[in-house]
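Undergrad: Sequence below, structure please.
(one chain, ligands or ions: 1)
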Amino acid sequence: MRVFITGATGFIGSALVNELLNAGHQVLGLARSDAGVKSLKAAGAEVHPGSLEDLESLRSGAANSDGVIHLAFIHDCSRFQENCETDRRAIEALGSALIGSNRLLIVTSGTAIVAPGRLSTEEDAPAVSSASIPRIASEEAAAAVAERGVRVSVVRLPQVHDQRMQGLITPAIDIARQRGVSAFVGDGSNRWPAVHLLDAAHLYALALEKGSRGARYHAVAEEGVPVRQIAEVIGRRLNLPVVSKSPAEAMEHFGWLGVFAGLDCPASSALTQRRLGWHPVGPALIPDLERAHI
Ligand SMILES: NC(=O)c1ccc[n+]([C@@H]2O[C@H](COP(=O)([O-])OP(=O)(O)OC[C@H]3O[C@@H](n4cnc5c(N)ncnc54)[C@H](OP(=O)(O)O)[C@@H]3O)[C@@H](O)[C@H]2O)c1
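TA: Prediction:
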């Protein structure tokens, strides 16, 4: 297949480009800078110039492909809501180029937003709307283009890690360094699910090749790692004290990350594993953090 990938230059996108090229697919990667063009060419992908704000570039990339994987996102937390709405428009534009075809659009979402407080599964639609949790705009847009007849599936990601990056844990490490303590909220028993980068990339490839219309997939290898354990590894690695914060103190301590720090958001991937024959094999989160370049 010739696959159009947005976010092809990012952490997960770069791994996915390699995964798809190694599997014999062609990749058309969206790039918005000279550095992006260079890295895609070096990886062996074709380049499609454009950006999330240039909806025509997204439509033409999708129109020139046999399938689309949407991974790009503007990670500027100071304009989070606006960025989620940009994502909604991008998904609608990608989908509009696929109406009337059987070509798949894979949209990226997160496991954390599905059903905080209990184990979420692929059967769960988000419990609330984007009016309460802005990032749900991406799944709302997926549902809207599905209504227009587009073959869409959603991949929900937990903390995606290797030894370079570990999702929200990477900014948590910076905060610990700045504040001189590694913190968790309450007793730190709240859990974050996780997956190794290469397992996540492999899941996207399987979803592309075997995915069903309307499916949601959870790229989850570990259902829930207690956040206290994560804070303890950070403390040990940075030689800092590990402390508990109350929910009110957490907002002050963590800043924008405060809304996630105390979140208990375990997620299952039992259905994904069965439906796609996906079996994660990569290192677990704590061993990756123990060896992380921090
Ligand atoms: N990493 C995780 O643990 C995790 C967890 C849950 C969900 N996710 C989601 O997974 C997706 C990929 O995450 P990631 O970790 O790979 O992110 P990343 O490393 O920050 O990569 C973001 C990608 O989006 C592109 N991008 C940003 N702004 C753009 C714009 N205005 N126009 C076009 N492209 C733009 C970037 O291009 P440049 O290279 O040009 O900057 C880059 O390719 C995102 O939707 C993210 O929210 C990630």
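Undergrad: Okay, the residue in the stretch 1-150 of the chain that the ligand sits nearest to and Leu21: tell me how far apart.
TA: Nearest residue of the stretch 1-150 of the chain to the ligand (CB to the nearest ligand atom) works out as Gly10 at 2.2 Å. To be clear about C-beta, it is placed using only N, CA and C from the backbone, and glycine gets the same treatment. Relative to Leu21, Gly10 is positioned 16 Å away (CB to CB, to the nearest Å).
Undergrad: doesn't Ala72 make contact with the residue of the stretch 1-150 of the chain closest to the ligand?
TA: Yes - between Gly10 and Ala72 there is a contact under CB atoms under 8 Å: 7.1 Å.
Undergrad: Please say which of these two ends up with more neighbours.
TA: Legend: neighbour count by other CB atoms under 10 Å for Gly10 and Ala72, higher for Ala72 (23 against 18).
Undergrad: quick one, phi/psi of that one?
TA: Main-chain dihedrals, Ala72, degrees, to the nearest 10: phi -70, psi 140.
Undergrad: Can you name the helix or strand that the closest residue to Leu16 other than its chain neighbours falls in?
TA: Distances taken as CB to CB, 6 or more residues apart in numbering place Ala201 nearest to Leu16, at 4.5 Å, with adjacent residues excluded. For Ala201, the host element (DSSP states H and E) is helix 197-210.
Undergrad: Buried residues of that helix, list them for me.
TA: 197-208 (16 or more other CB atoms under 10 Å).
Undergrad: ok, now stretch 69-79?
TA: Within stretch 69-79, the residues scored as buried using 16+ other CB under 10 Å are 69-74.
Undergrad: do stretch 262-274 as well
TA: In stretch 262-274, counting by 16+ other CB under 10 Å, buried: 262-269, 272-273.
Undergrad: can I get these in TSV with pLDDT, secondary structure and distance to the ligand?
TA: Listed next are these as TSV, based on pLDDT from 0 to 100; DSSP: H, G, I helix; E, B strand; the rest coil; distance: CB to the nearest ligand atom, whole Å:
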residue	pLDDT	secondary structure	distance to the ligand
Gly262	96	coil	18
Leu263	96	coil	13
Asp264	97	coil	16
Cys265	97	coil	11
Pro266	98	coil	15
Ala267	98	strand	11
Ser268	98	coil	16
Ser269	98	coil	14
Thr272	98	helix	15
Gln273	98	helix	19
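Undergrad: What parts of the chain come near the ligand?
TA: With CB under 6 Å from any ligand atom as the criterion, the chain comes near the ligand at residues 7, 9-13, 30, 32-33, 36, 51-53, 71-75, 108, 110, 157, 159-160, 167.
Undergrad: Can you flag which of these belong to strands?
TA: 30, 108, 110, 157, 159-160 (DSSP state E).
Undergrad: which among those gets closest to Gly188?
TA: Gln159 (15.4 Å; CB to CB).
Undergrad: average model confidence for stretch 67-76?
TA: Averaged over stretch 67-76, pLDDT sits at 97.
Undergrad: Can you check the pLDDT for the residue of the stretch 1-150 of the chain closest to the ligand?
TA: For Gly10, the predicted pLDDT is 98.
Undergrad: next one: Ile294
TA: What the model reports as pLDDT for Ile294 is 86.
Undergrad: Would you confirm that it contacts Arg237?
TA: Yes - between Ile294 and Arg237 a contact is recorded at 5.7 Å, counting by CB under 8 Å.
Undergrad: Now do the contacts for the residue of the stretch 1-150 of the chain closest to the ligand.
TA: By CB atoms under 8 Å, 6 or more residues apart in numbering, the contact set of Gly10 is 71-72.
Undergrad: if we go to 7 Å?
TA: Applying CB atoms under 7 Å, 6 or more residues apart in numbering to Gly10 gives the contacts Leu71.
Undergrad: swap in His70?
TA: Applying CB under 7 Å, 6+ apart, one finds that His70 lies in contact with 6, 90-91, 94, 105-108.
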